[in-house]
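# build the 3D model from these lines:
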Amino acid sequence: MRCALATLIMLLVAQTPAAAQEPTPDLSQSIAADQPLATGRATLTTGHVDIGPRYVDDRWALLLHDGTQAQLAWRDPDETLLRVSDAALQTVPDDPTYAFLGVDAGKRVYVVPQTQNQDVVWLGWNTQDPRVMQTIDRGVTLTMLRVDGPGTLTTYLQSGNFGAPQPLWRSADSAAQPFWAEVNTHTHANWVFTEPGVYLVAVQVSADLITGEKASATGTLRFAVGDATSADEAFAATAEIPVPDGQAAPGQDRADADDSAGGSQPLLITALTGTAVVLALGLIVLVLRGRGARRRAEQERRTSPSGDQS
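As a prediction, the model looks like this:
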């Protein structure tokens, strides 16, 4: 029992996602419940954009909150292109602190910065949709499932100029990488792309709800990195999204989950029926054996010499 308990504790600790520490507490904002869901393709080049969960027709979804225009709106990430222009180019410093980037010092990389650059799209995340805040239990888990692109992507936080970087997502690591974000938070991070080109980033947002249910949705962020990268190529790109162990498949809704639960009932009924049949056959065999034994005993009494009278 002690060994089993210790193993369970180790597994729970190993599966706990890293918590993204809020480095910029002054990023206050509120989101109205009636903000529209924009339709059609859009290319966002500069301005404020957040990844975030929201309910669409009573379904949990991962969307982009578009603050680049006067009319705030939510967008489907698969229909939205985040263009990272050459204005994002920065030089990797000669500092071992940034060795986690996996890039040689002096190399030029594309950086969507944690602190807003007015010439570059400004990407973060929030958990501030009113209905989301009312229904989730404490916070959400954001997981990078996969990155397809010509180079690597690293997302990290850094508190001030002297704080140690906190890597959150590294495409160089093949495993799914989750981190925790509290309810009603708004955070921005550094996004570092090592090469120009098209990047597709599969992200999952999941949460425990106050009802005891679980919610999960997946979206693909589309990046066109570099001025020379074609928007048409970026919109046409496709990628297979893997499903992490223990998490719902991308796009799986509550009906799918109900179907899955309902599908287990026939299996249970079949198993119980099989068990009943085996028990019935066993009982029949025992009854037949008992009858046969009684017949043999009666026959032996009739044929035994001690049974004759004179």
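# L221 pairs with what?
In this entry, L221 is beta-bridged to V201, by DSSP bridges.
# whoops, L123 was the one
With DSSP bridges as the rule, L123 is bridged to V49.
# contacting residues for it?
49-51, 82, 112, 188-189, 191 (CB atoms under 8 Å, 6 or more residues apart in numbering). C-beta: built from backbone N, CA, C; applies to glycine.
# just for the stretch 51-200 of the chain, where's the confidence low?
Scanning the stretch 51-200 of the chain for pLDDT under 70 picks out 161.
# which residues of it fall in helices?
130-135 (DSSP state H, counting those that start in this stretch).
# follow-up on the earlier one: could the contacts of L123 go into CSV alongside neighbour count?
As requested, the contacts of L123 are exported to CSV (neighbours: other CB atoms under 10 Å):
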residue, neighbour count
V49, 24
D50, 23
I51, 21
L82, 23
V112, 24
H188, 22
A189, 24
W191, 29
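# filter these down to the ones in strands?
If you go by DSSP state E, the contacts of L123 have 49-51, 82, 112, 188, 191 in strands.
# using CSV, lay out those together with distance to L209.
Formatted as CSV, these follow (distance: CB to CB, whole Å):
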residue, distance to L209
V49, 26
D50, 21
I51, 19
L82, 29
V112, 31
H188, 26
W191, 29
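# of these, which is the nearest to G139?
I51 (14.2 Å; CB to CB).
# isn't the closest one up against D66?
No: using CB atoms under 8 Å, I51 is not in contact with D66; the gap is 11.2 Å.
# just the buried residues of stretch 120-140, please?
Neighbour-count burial for stretch 120-140 flags 120-130, 132, 135-136, 139-140 (criterion: 16 or more other CB atoms under 10 Å).
# farthest pair within those residues?
So, the buried residues of stretch 120-140 by CB to CB: farthest apart are V120 and T135, at 33.7 Å.
# which other helices and strands does the strand or helix carrying A234 contact?
Applying DSSP states H and E as the criterion places A234 in helix 231-236. On a contact count with 3 or more CB pairs under 8 Å, 6 or more residues apart in numbering; DSSP states H and E, helix 231-236 meets strand 80-84, strand 214-225.
# reformat these as CSV; add distance to R41.
Formatted as CSV, the helices and strands packed on helix 231-236 follow (distance: least, CB to CB, whole Å):
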stretch, distance to R41
strand 80-84, 7
strand 214-225, 10
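# residues contacting stretch 70-78, please?
Contacts for stretch 70-78 (CB under 8 Å, 6+ apart): 31-32, 35-39, 42, 51, 54, 62-66, 203, 219-222.
# and A181, how many neighbours?
A181: 24 surrounding residues under other CB atoms under 10 Å.
# G139 versus that one, what's the distance?
Using CB to CB, to the nearest Å, A181 is found at 6 Å from G139.
# overlap in contacts of those two?
Here A181 and G139 have T127 as joint contacts, going by CB under 8 Å, 6+ apart.
# report the rounded mean pLDDT for the strand or helix carrying T43.
Secondary structure assignment for T43, by DSSP H and E: strand 42-44. Strand 42-44 shows a mean pLDDT of 98 in the predicted model.
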